[in-house]
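Novice: Need the 3D shape of this:
(4 chains)
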There are 4 protein chains.
Amino acid sequence: MNRKQTFTWALAIVAAGFLTQENAFAQEVPKPPKMTPEMTEFWEPEPRVVTPGLNNAAPSDAIVLFNGKYLAEWKAKADGAEAKWAVKNGAFTVGKGDITTKKEFGDFQLHLEWSAPDEVKGSSQGRGNSGIFLQDRYEVQILDSYQNRTYSNGQAASIYKQHRPLVNAMSKPAEWNVYDIIYTAPRFKEDGSLFSPARVTVLHNGVVVQNNVGIKGTTEYIGLPQYNAHGKAPISLQDHGNPVAYRNIWIREL
Amino acid sequence: MNRKQTFTWALAIVAAGFLTQENAFAQEVPKPPKMTPEMTEFWEPEPRVVTPGLNNAAPSDAIVLFNGKYLAEWKAKADGAEAKWAVKNGAFTVGKGDITTKKEFGDFQLHLEWSAPDEVKGSSQGRGNSGIFLQDRYEVQILDSYQNRTYSNGQAASIYKQHRPLVNAMSKPAEWNVYDIIYTAPRFKEDGSLFSPARVTVLHNGVVVQNNVGIKGTTEYIGLPQYNAHGKAPISLQDHGNPVAYRNIWIREL
Amino acid sequence: MNRKQTFTWALAIVAAGFLTQENAFAQEVPKPPKMTPEMTEFWEPEPRVVTPGLNNAAPSDAIVLFNGKYLAEWKAKADGAEAKWAVKNGAFTVGKGDITTKKEFGDFQLHLEWSAPDEVKGSSQGRGNSGIFLQDRYEVQILDSYQNRTYSNGQAASIYKQHRPLVNAMSKPAEWNVYDIIYTAPRFKEDGSLFSPARVTVLHNGVVVQNNVGIKGTTEYIGLPQYNAHGKAPISLQDHGNPVAYRNIWIREL
Amino acid sequence: MNRKQTFTWALAIVAAGFLTQENAFAQEVPKPPKMTPEMTEFWEPEPRVVTPGLNNAAPSDAIVLFNGKYLAEWKAKADGAEAKWAVKNGAFTVGKGDITTKKEFGDFQLHLEWSAPDEVKGSSQGRGNSGIFLQDRYEVQILDSYQNRTYSNGQAASIYKQHRPLVNAMSKPAEWNVYDIIYTAPRFKEDGSLFSPARVTVLHNGVVVQNNVGIKGTTEYIGLPQYNAHGKAPISLQDHGNPVAYRNIWIREL
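Specialist: Numbering: from 1, shown residues only, chains lettered A, B, ... in the order given. Now for the predicted structure:
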């Protein structure tokens, strides 16, 4: 590279040599010329405008997955039939069988609010248990973890059986919890092997509890996680037999 | 590794060979035995409990950098004297000279709210300009970017002159903006060279605008960013001559 | 998750409580049961066998890009015509115009040997200058850097104008140099933006000189590197007017 | 940032507007001014010179861990006594008890040659088994994997029980094997938790078999790997009861 500049630099070195009498034997090397401010100012592309939502409401470019009224964006996971979890007072409650979004997603930002059952009963994994499956495979745990000890990598906001949350930021009983999830999908090579793992950041009630952790593979109740190549996939919610409630769910593709 | 198991596996292979008459020549390989659920359940350490704050209030483990009343956590950057930016109505407004926190931080989650001046005047970089310097070096831009075109890598929520925001999620004039910043400090080797760059995620009004981007080095108005080894360092706020207001600032070390 | 185990664990906790009389109030938590060695032994898939080459010869699964005789794997970059650089004594010498491989590559391991001209003349960028363009875009510099000062990020084994080599491991004049390059291609998102940068490790004469560095974008003689989405692409060799010689080139897709 | 340039740019925008008659309504945005080549040429620091070794010999800046004659750089792991594995014909053979280097290392490049016993006996993990423990904790497997099936994540050049090699590049019986290992030590946070995992690239006989993989934690024969904070640590070689031979071992700190 750069065949013409040699002569110029050579001159610069010679000149510099004459000027620095106090250190005649040190090798003088060129310093890069000063740039102008405009050289690092890039106007294109211009970021598109998004109108933010106030108080956790959906931004203008979000896909609203639940607006308080209908489960139109969801279907039963088992058979693809209509999602029949009960909607009431702007929220819906876990019913029979997992549900899953009709749309599929890659990288995204997901906002979701949930509430453990008002009646506190059961313990450990038996209290207020449900779960969000990112791309239908990687579970962010939903559990009533307010004064309810269980295994750390199975409590609320854990990446189930992979990463415990940094802290326990659970709301008190009868209060809502907020999850803000920033998710980067795994990438695979042409031969199906893993190129880069899924990564996830989770804020639980505004507190960072997962900080860009690498997901180890599919969530497994028994055994070790592993990866199998896949593309875009839905968000699923788990029926674990407890009447966990959900509201205000929106997603933005990243 | 593992000198005793060879015999056991050899037996298993032989046994398996006898049992699969339909494919006598295929090499049979052992399958890992099934694990139990408890083998992937880790109870220790237990995540400590944090009481989350409602409506962007500080969680119980946060250091409150501004509570609406005093600038006690800040000092003038130039001479370390008392920070004298004016406090009024639960907020403070940019005054003469940058200010900086008395405490120093490494990795952290920072919550901060700011408002461009109510009187909209100036354009491009001249309208509502200030900035947050993470570890006193890496700037998240503050600018009134509501219908105010400037270079993309210099608008609100840009990593100044390095990364434009993914979208423009600016609030309307006279409304407050919220930044939630998740910051990982750079690491250096013993010889002072860079081991891993600083990384940052920014939510602007709840919208992801910087998604775990790598910071390229110190923020430079003129020239290229570069890294110089450093340890923990304060958060600084920039006086750019515009009366930008700040309120509700808290930080959690990660 | 896991609705049946609660009872079992509860019993275990009670039992443990009875047994630890010396610390009756401490909460006892379960410890994961011991696994067996076989649970972490995975036999499938079996890595395929590659016969290594002795003394830098090509392994059995490599594509030989130059075997000492013909430039059959190469073409002129300008017009796609036959590559006409002169082959002699098992090597070929830079001729008129860049050449490029007919095949295209993604991630790969590349072995390449080169020799600066036996007659040492010129200085800085004017001595023994050529270059290898990975995926036709990202240059690993070829330069006679034996006792020939130039800008550090432009000497042999630099990622040209991006990363200087960790050390200068240049062979003496008239001796051959060996590059072993491990390259991971950049990945892009559907919208053409960068997902992950190209990464490269370079061994120069067996010495690590680039250690999995992130490539900043296309090699630019003037201005800043940037990324534009692309897929598989060829390897190119640069005609910089100096009679640099090449031999023993092979590549393995990773 | 940048309060003075606004006026200049405003003029430029106006001027550009007059000049583009064919698209009078499109917003004109400034383009960054052209840089000069020298602006991206950095002369300092100058990479120090290393004289490479020919034919796998140690480069001039390497620490030679075995030069064919003495085990002066090693000690018994059990009690720190003199290393007593037998040296003969420029190589040494595994004796009683693991040995470990007297020096400790962080990030490094390690070159090591090994030979499975000339008499081929045993099978699976019972044939030619030894191992290199990077930082005394993370094992690169040594095993006679020539036509010797075992679990894939336990064959030669595996990261034992964590990552199988990409391919099996094992030499034939009675021939030497070469490992070139590029190792990045894990980093830990002040509280002892993991900041970044160890990473390793392995070339087996010149073939890339581990490509910058993340090490999952300490090598465990039984159970799951985990991390415990540590600093620099030695290289250890395992006595697994088989007379594996070693020669030509050198290391360069990175």
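Novice: residues from the stretch 151-254 of chain A in reach of chain C?
Specialist: A:151, A:154, A:160-161, A:187, A:189-190, A:195-196, A:219, A:221, A:224, A:238, A:240-241 (C-beta under 8 Å from any C-beta of the partner chain). C-beta coordinates here come from the backbone N, C-alpha and C atoms, glycine included.
Novice: what's the first-to-last distance across stretch A:235-251?
Specialist: 10 Å (C-alpha to C-alpha, to the nearest Å).
Novice: Stretch A:54-71 now?
Specialist: 23 Å.
Novice: is the strand or helix carrying A:Glu113 up against chain C anywhere?
Specialist: Using DSSP states H and E, the element containing A:Glu113 is strand A:108-115. No. Using C-beta under 8 Å from any C-beta, no contact is recorded between strand A:108-115 and chain C, whose separation bottoms out at 12.3 Å.
Novice: Note down every partner strand of the following helix or strand past that strand and its orientation.
Specialist: Per DSSP H and E, the first helix or strand lying C-terminal to strand A:108-115 is strand A:130-134. The pairing partners recorded for strand A:130-134 under DSSP bridges are strand A:138-142 (antiparallel), strand A:236-237 (antiparallel).
Novice: Sort out which residues of strand A:130-134 are buried, please.
Specialist: A:Ser130, A:Gly131, A:Ile132, A:Phe133, A:Leu134 (16 or more other C-beta atoms under 10 Å in any protein chain shown).
Novice: do stretch A:161-173 as well
Specialist: Neighbour-count burial for stretch A:161-173 [16+ other C-beta under 10 Å]: A:Lys161, A:Gln162, A:His163, A:Arg164, A:Pro165, A:Leu166, A:Val167, A:Asn168, A:Ala169, A:Met170, A:Ser171.
Novice: Okay, the second one and B:Val50: tell me how far apart.
Specialist: It refers to A:Gln162. A:Gln162 sits 21 Å away from B:Val50, going by C-beta to C-beta, to the nearest Å.
Novice: Quick one: the strands in the stretch 101-250 of chain A, in order.
Specialist: Applying DSSP state E, counting those that start in this stretch to the stretch 101-250 of chain A gives strands spanning A:108-115, A:130-134, A:138-142, A:177-184, A:187-188, A:194-196, A:199-204, A:207-214, A:236-237, A:245-253.
Novice: what comes into contact with the last one?
Specialist: This points to strand A:245-253. A:56-59, A:61-66, A:68, A:90-94, A:105-115, A:117, A:176, A:235, A:237, B:207-208 (C-beta atoms under 8 Å, 6 or more residues apart in numbering or on different chains).
Novice: what does the third one give?
Specialist: Residues from elsewhere that reach strand A:138-142 (C-beta under 8 Å, 6+ apart): A:114, A:128-134, A:154-160, A:179, A:181, A:198, A:200, A:202, A:210, A:215, A:218-219, A:238, A:244, C:1.
Novice: where does chain A have low pLDDT?
Specialist: A:1-27 (pLDDT under 70).
Novice: Not counting its neighbours along the chain, what's nearest the residue positioned nearest the centre of it?
Specialist: For chain A, A:Ile182 is the residue whose C-alpha lies nearest the centre (C-alpha atoms, centre = their mean; 2.0 Å). The shortest distance from A:Ile182 to any non-neighbouring residue, by C-beta to C-beta, 6 or more residues apart in numbering or on different chains, is to A:Thr201 (4.3 Å).
Novice: got a list of what the one you found touches?
Specialist: Counting by C-beta under 8 Å, 6+ apart, A:Thr201 touches A:Ile181, A:Ile182, A:Val208, A:Gln210, A:Asn211, A:Asn212, A:Val213, B:Ile182, B:Thr201, B:Asn212.
Novice: Could you check how far the fifth one is from D:Pro225?
Specialist: In this structure, A:Asn211 and D:Pro225 are 21 Å apart, going by C-beta to C-beta.
Novice: deepest of the strands of the stretch 101-250 of chain A, which one?
Specialist: strand A:138-142 (a mean of 26; mean count of other C-beta atoms under 10 Å in any protein chain shown).
Novice: Just give me the neighbour total for the closest residue to chain B within the stretch 101-250 of chain A.
Specialist: Proximity of the stretch 101-250 of chain A to chain B (C-beta to the nearest C-beta) peaks at A:Asn205, 3.4 Å away. A count of neighbours around A:Asn205, defined by other C-beta atoms under 10 Å in any protein chain shown, yields 22.
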